[in-house]
Each structure stands twice: as C-alpha cells, then as structure tokens.
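[1] Whatever this is, show me its structure:
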Amino acid sequence: MAAVLGLIVGVIIGIFVRPDIPIFLQPYLPIMVVAALDALLGAGRAYFERSFSDRVFVISFISNVLTATLLVLLGNQLGVGAQLQTAVIVVLGIRIFSNVSTIRRFIFKG
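    Numbering: from 1, shown residues only. Okay, the predicted model is just below:
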C-alpha cells in the first residue's frame with residue numbers, strides 16, 4: 001500500500017512542480033518511462049501470482065531502466081540509435097502487453 005501511495009504522491013508532485021529535464025537526458029526519457037512501466041506491470045503480475053518481492057521489484061525497476069537506457073546510448077554512439085531505440089520499445093512493448101493480458105486474466109477469472 002505504501003508503494004501505491006508513494007507512486008500517487010510522486011505523480012502529483014511531478015504534475016504540479018514540472019521539473020526540468022536536462023537536455024542530455026531528454027532523448028532517453030521515453031525509453032526510461034517504457035522500461036519503468038514494464039517493471040511496474042511485471043510487479044503487478046507477480047502480485048497476482050503471489051510471488052511479489054519488493055527487493056526483486058526494486059532491482060528489476062532499476063536494472064530495466066538502466067539496461068534500456070544504456071542500450072540506446074550504445075546505439076547512439078554506434079550511429080544506430082533510432083533502430084536500437086525501436087528494438088527496445090518493441091521488446092518492452094511485447095512484455096508490457098503480455099503482463100497486462102496476464103493481469104487481466106487474473107482480474108476477470110475470479
């Protein structure tokens with residue numbers, strides 16, 4: 001419950017404060033958000049499967065965001081940033097839809 005409350009408070013603060021994102025981070029922000037959504041929905045799936053662990057969630061959240069961002073950074077350094085960014089979005093999108101469908105099955109099953 002504390003995590004959900006923290007998420008709600010964080011979103012509200014983000015809406016009203018409107019933080020400035022540094023220029024060098026702006027190309028990576030969409031990837032970070034999609035990776036974070038993947039981790040959040042994976043945590044929701046684990047909750048319904050009764051295998052949720054807060055430690056695993058935190059490690060998954062941080063590693064997802066860092067790995068996706070570093071992959072896109074590497075792609076930018078190699079000159080294929082757009083293609084690698086698309087690949088990361090596709091892979092994370094597939095995982096997000098898979099997690100959402102599993103959560104939906106748990107909710108409407110019983």
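[2] can we go C-alpha only for contacts and neighbour counts from here?
    OK.
[3] Off-centre distance for the strand or helix carrying M32?
    M32 is part of helix 29-48 when elements are defined by DSSP states H and E. With Cα atoms, centre = their mean, to the nearest Å as the basis, helix 29-48 stands 4 Å off its chain's centre.
[4] do stretch 99-109 as well
    Distance of stretch 99-109 from its chain centroid, counting by Cα atoms, centre = their mean, is 19 Å.
[5] for stretch 60-68, same thing?
    How far stretch 60-68 lies from its chain's middle: 8 Å, per Cα atoms, centre = their mean.
[6] sorry, back to before: what's in contact with the helix holding M32?
    By Cα atoms under 8 Å, 6 or more residues apart in numbering, the residues outside helix 29-48 that reach it are 52, 57, 60-61, 64-66, 68-69, 85, 88-89, 92-93, 95-96, 99-100, 102-103, 106.
[7] quick one: S60 and G81, what's the gap?
    Distance of S60 to G81, computed by Cα to Cα, to the nearest Å: 24 Å.
[8] The helix or strand just after the helix holding M32 versus helix 29-48: what angle between them?
    Downstream of helix 29-48, the first helix or strand assigned by DSSP H and E is helix 54-78. Put simply, helix 54-78 runs at 150 degrees to helix 29-48, going by axes from the mean of the first three to the mean of the last three Cα atoms, to 10 degrees.
[9] Sketch out the low-pLDDT regions of this structure for me.
    1, 110 (pLDDT under 70).
[10] remind me, longest helix of it?
    Among the segments of the chain that qualify as a helix by DSSP state H, the longest is helix 81-109.
[11] list the buried ones in that one?
    Across helix 81-109, burial judged by 16 or more other Cα atoms under 10 Å covers 81, 84-85, 88-89, 92-93, 95-96, 98-100, 102-103.
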